[in-house]
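Student: Structure of the sequence below:
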Amino acid sequence: MTLSGWTLIVLFTALFVALAKPVGALLFATYSDRRLPLAAIEEAFYRWSGVGEKEQDWKAYAWAVMMFTLVGIASLFAILKLQGGLPHNPQGFGGVETWLALDTAVSFVTNTNWQNYAGESTLSNFSQMAGLTVHNFLSAATGIAVAFALIRGFARSSTKTIGNFWVDITRVTLYLLLPASLVLALAYVALGVPQTMAGSVTATTLEGAKQVISIGPVASQLAIKMLGTNGGGFFNANSAHPFENPSAITNFIEMLSIFVIGAGLTICFGRAVGRERQGWALLAAMVVLFLMGVAVAYAVEAGGNPFQHALGLAGPSMEGKEVRFGLAATILFVVVTTAASCGAVNAMHDSLMPLAGLVPLFNMQLGEIIVGGVGAGLYGMLLYAILAVFIAGLMVGRTPEYVGKKIEAREMKLSVIAIAILPLFILGLTAIAAVTVPGLAGPLAKGPHGFSEILYAYSSTVANNGSAFAGLSGNTTFYNLTLALAMFVGRFGVVLPVLAIAGGLAAKKKVPEGPGSFPTTGGLWIGLLVAIILIVGGLTFLPSLALGPIADQLQLNAHVLS
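Tutor: Residues are numbered from 1 along each chain as shown. Next up is the predicted model:
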């Protein structure tokens, strides 16, 4: 570890925390009912589409989310299958194989962006833009809309409605995602990222040979893939590709883009419930967990590889890392992209030291709550807040309450369902893959490292992250189908209970704080929340982590190869 490395980490953390307040103010303006500058465009859209602006109860809101998602999956699947006959296909690619098309459609519509293909050799410009980039916007907007619905559940009193999904998704896209992505895309173009409808260029190498280099509308997809915590790369190498990540400046901007909306949503929550400190407390818990992960991963990687040390090679192992930017920038990107549900990578996670690889794995297994995906991070953290305040309520002998709402049996049951759905499918699908012939055909490595590759794939997809350990051959019928199932259940196994919680909370009256209320803004609350998250995650996943990265590290220390 170096001083310059920690300077980068501290600077990044300070900057995204500083941006949380202004971004939170913009999100709150988008969340509220106030009339915004483009209201005429909004209203014209509502009239043209016929969706209306009438507020919905939680069941109607959930129905709209589900129907919107299913139509999105069907339309994206059709684009991928019919790609060969659609325009803007300079490479002449044919339609995508059926199960791969299904996996990809579910992946991008659920904001996961797991990719069992190489983008530059599989998808046309039309599929990249009209298919994937469109759903980068819509899936991100859907996550933020669900977060808005839960915020209204806490903020409102004695009402059955939690907003209108169509209004929420329109306003988020119109006022936040589109303008911010336009600015970012122009910045990326200025910094060297391609944006063209051409399919490739031919270059002459120093040796005089001809080389065909893939290009395309990269900057426009890059902007929203980071801002919307989507993560799907235009190129197979993702943000390790020099066209997606040309310099240390773009690397820093990309990391900042991943965190900025998730951090801002905590402040939006605080403003909505009338106490901004509530939002800052949630953000503080996120920052503590984030820095813990960075410190562990950075320390382990800086320690180097015991095999290399035995050969007299000192220092960290840079195999698979982003050598252009250095170890600290690589590890920071690794933790950022898995603390949020982004999944973009500038290094191969399969090449991390096993205990360093445990950090991104555990980040995802916690449910992507450490800033998390846009929207998903906030409502995931609020589920843990409900659990923590229930435990605190038992300690003080009162009915648990949080930001003025009593937390009763219904909220606890729904929260437990939403929290438990992730380990159920992560561990269940991993177990199936680890004992079946098609499952075992996927990992490149054997032993603990091979198990880690399987565990990472299902942790990533159920948590809607999308990053891969890079050692798993996932483009098979078995993995395309099981990973698609994991992504769909991981998204809606949480979204539906969250909306049900929102509806129940909105119907309740506000309860003023009393002498026996547990404070939920100070250091004690932040510590309790962090502890509950770590305890629940540790008890749930420690056995699987012991079989994977921990056993892998012990073998490495003993100079034993799998």
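
Student: Show me which positions of stretch 419-433 end up buried.
Tutor: Residues Ile419, Ile421, Leu422, Pro423, Phe425, Ile426, Leu427, Leu429, Thr430, Ala433 are the ones in stretch 419-433 that count as buried (16 or more other Cβ atoms under 10 Å). No exception for glycine: its C-beta is placed from N, CA and C like everyone else's.

Student: and the residue nearest to the second one when sequence neighbours are not counted, what is it in contact with?
Tutor: If I follow you right, that is Ile421. Ranked by Cβ to Cβ, 6 or more residues apart in numbering and with sequence neighbours excluded, the top spatial neighbour of Ile421 is Gly493, at 3.6 Å. Listed by Cβ atoms under 8 Å, 6 or more residues apart in numbering, the contact partners of Gly493 are Ile417, Ala418, Ile421, Leu422, Phe425.

Student: Touching, the last one and Val462? I think so.
Tutor: Read that as Phe425. Yes. Counting by Cβ atoms under 8 Å, Phe425 sits close enough to Val462 to count as a contact (4.9 Å).

Student: Strands of this protein, residue ranges please.
Tutor: Secondary structure of the chain, counting by DSSP state E: strands at 200-204, 210-214, 401-402, 405-406.

Student: Deepest-packed of the ones you listed, please.
Tutor: Mean neighbours per residue, mean count of other Cβ atoms under 10 Å, is largest over the strands of the chain for strand 401-402, with a mean of 24.

Student: Contacts made by that one with the rest, please.
Tutor: Phe154, Ala385, Ile386, Val389, Gly393, Ile407, Val511, Glu513, Ser517, Phe518, Thr520.

Student: can we see that at 6 Å?
Tutor: Val389, Val511 (Cβ atoms under 6 Å, 6 or more residues apart in numbering).

Student: what are the pairing partners of it, and which direction each?
Tutor: Using DSSP bridges, the strands paired with strand 401-402 are strand 405-406 (antiparallel).

Student: Centre of the chain to the strand it pairs with, how far?
Tutor: From the chain centre to the centre of strand 405-406 is a distance of 29 Å (Cα atoms, centre = their mean, to the nearest Å).

Student: Next: stretch 413-427.
Tutor: Here the centre of mass of C-alpha atoms in stretch 413-427, compared against the chain's by Cα atoms, centre = their mean, lies 17 Å away.

Student: residue nearest the centroid of the protein?
Tutor: With distances taken as Cα atoms, centre = their mean, Ser341 lies nearest the centre of the chain, 1.1 Å away.

Student: nearest spatial neighbour of it, skipping sequence neighbours?
Tutor: Counting by Cβ to Cβ, 6+ apart, the residue nearest Ser341 is Gly373, at 3.3 Å.

Student: Just give the number of residues close to the one you found.
Tutor: Here the neighbour count serves as a burial measure; for Gly373 (other Cβ atoms under 10 Å) it reads 34.

Student: so it touches Cys342, yeah?
Tutor: No. Under the criterion of Cβ atoms under 6 Å, Gly373 is not in contact with Cys342, lying 7.5 Å apart.

Student: what do the two both touch?
Tutor: Between them, Gly373 and Cys342 share the neighbouring residues Thr229, with contact defined by Cβ under 6 Å, 6+ apart.

Student: State the distance spanning the first to the last residue of stretch 192-205.
Tutor: End-to-end distance for stretch 192-205, by Cα to Cα, to the nearest Å: 20 Å.

Student: oh, and call the first residue 24 from now on, that's how I've got it
Tutor: In the new numbering, first residue 24, that becomes stretch 215-228.

Student: all helices of the stretch 424-573 of the chain, in order?
Tutor: Chain-ordered helices for the stretch 424-573 of the chain, with DSSP state H, counting those that start in this stretch as the definition, fall at 432-458, 460-463, 470-485, 500-529, 546-568.

Student: Just the buried residues of the third one, please?
Tutor: By neighbour count, with 16+ other Cβ under 10 Å as the criterion, the buried positions of helix 470-485 are 470-485.
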